[in-house]
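Asks: Sequence plus the predicted model coming up.
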Amino acid sequence: MERRVLAGTPYAKLLTAPRPVAEGMKARLEAKGIPVFLETPFQDLPEAALGTYMGDVNLWVPEALLGEAEALLEEEAP
């Protein structure tokens, strides 16, 4: 499991997916109160704000909520 600290909170990488898929998962997780950090390969460039990159991105969630996030996405899978 990949880990990093964001704003003093340990985060774990939940998944890597094409941006449109990841954005949908991010919205579902945030609707359930799970904070999500979406990371593109261009994080420090203006693209990050514009959201024009549609390739693979990483979704990070607080490590303490990783199991809950995984379970939520599994139960909502088609």
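Replies: That came through fine.

Asks: From residue 66, how far off is the residue nearest the centre of the chain?
Replies: With distances taken as Cα atoms, centre = their mean, the residue of the chain nearest its centroid is residue 59 (2.1 Å). Separation of residue 59 from residue 66 (Cβ to Cβ, to the nearest Å) stands at 11 Å. Heads up, the C-betas are built off the backbone N, CA and C, glycines and all.

Asks: in the lengthiest strand in the chain, what counts as buried?
Replies: If you go by DSSP state E, the chain has its longest strand at strand 9-18. If you call a residue buried by 16 or more other Cβ atoms under 10 Å, then strand 9-18 has these buried ones: 11-15, 17.

Asks: Who are the packing partners of that strand?
Replies: Secondary-structure packing of strand 9-18 (3 or more Cβ pairs under 8 Å, 6 or more residues apart in numbering; DSSP states H and E): strand 3-6, helix 19-31, strand 56-62, helix 66-76.

Asks: Out of those, which one sits most buried?
Replies: strand 56-62 (a mean of 20; mean count of other Cβ atoms under 10 Å).

Asks: anything in contact with each of residue 59 and residue 66?
Replies: The contact sets of residue 59 and residue 66 overlap at residue 14 (Cβ atoms under 8 Å, 6 or more residues apart in numbering).

Asks: List the contacts of the residue nearest to the centre of the chain.
Replies: 13-17, 22, 25-26, 29, 36-39.

Asks: Return the set of residues that bridge with it.
Replies: Counting by DSSP bridges, residue 59 forms beta bridges with residue 15, residue 38.

Asks: Show me where the protein dips below the pLDDT cut-off.
Replies: Applying pLDDT under 70 to the chain flags the ranges 43-51, 77-78.

Asks: Not counting sequence-adjacent ones, nearest residue to residue 14?
Replies: Nearest non-adjacent residue to residue 14, counting by Cβ to Cβ, 6 or more residues apart in numbering: residue 59, 4.6 Å away.

Asks: Quote the end-to-end distance of stretch 54-73.
Replies: 21 Å (Cα to Cα, to the nearest Å).
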